[in-house]
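Chemist: this is a predicted model, with the sequence first.
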Amino acid sequence: QSPEVVAAENGVVEKSQCGWNGGYGCVIIIDHGDGMKTLYSHMRKLFVTIGEQVVRGSSIGQMGNTGNVHGPTGIHLHFEVIINGVKRNPIAFF
């Protein structure tokens, strides 16, 4: 079984969709307010729906290898922190 993915912070689910999604595959975007969003992609299963409130640490899905995944990466999570539309290094925020 694939490892679970948890929300990085409290927020509202803005996107929860499987498909190509620009290579992201199954993707979730959570809006945390104040211009901050997090993106979780290449997931196998999504456990949340658009508009749902989530809390930090709550299970939102399972890791996978959907979308544009090449080579031996296998099951993994692509994670992004987006501040006012700009992707930032997540290490500075969590």
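Modeler: Okay, I see it. Computed from a predicted model, the values in this text were never measured in an experiment. Numbering: from 1, shown residues only.
Chemist: what residue ranges in this structure are flagged as low confidence?
Modeler: Residue ranges of the chain with pLDDT under 70: 94.
Chemist: centroid residue for it?
Modeler: Taking C-alpha atoms, centre = their mean, the centroid of the chain lies closest to residue 40, which sits 1.5 Å from it.
Chemist: counting neighbours, what do you get for the residue lying closest to that one once chain neighbours are set aside?
Modeler: Excluding its sequence neighbours, the residue lying closest to residue 40 (C-beta to C-beta, 6 or more residues apart in numbering) is residue 28, at 4.7 Å. Just so you know, the C-beta spots here come from the backbone N, C-alpha and C atoms, and that holds for glycine as well. For residue 28, the neighbour count with other C-beta atoms under 10 Å is 26.
Chemist: quick one: the residue nearest to the centre of the chain is in a strand?
Modeler: Yes - under DSSP: H, G, I helix; E, B strand; the rest coil, residue 40 falls within a strand.
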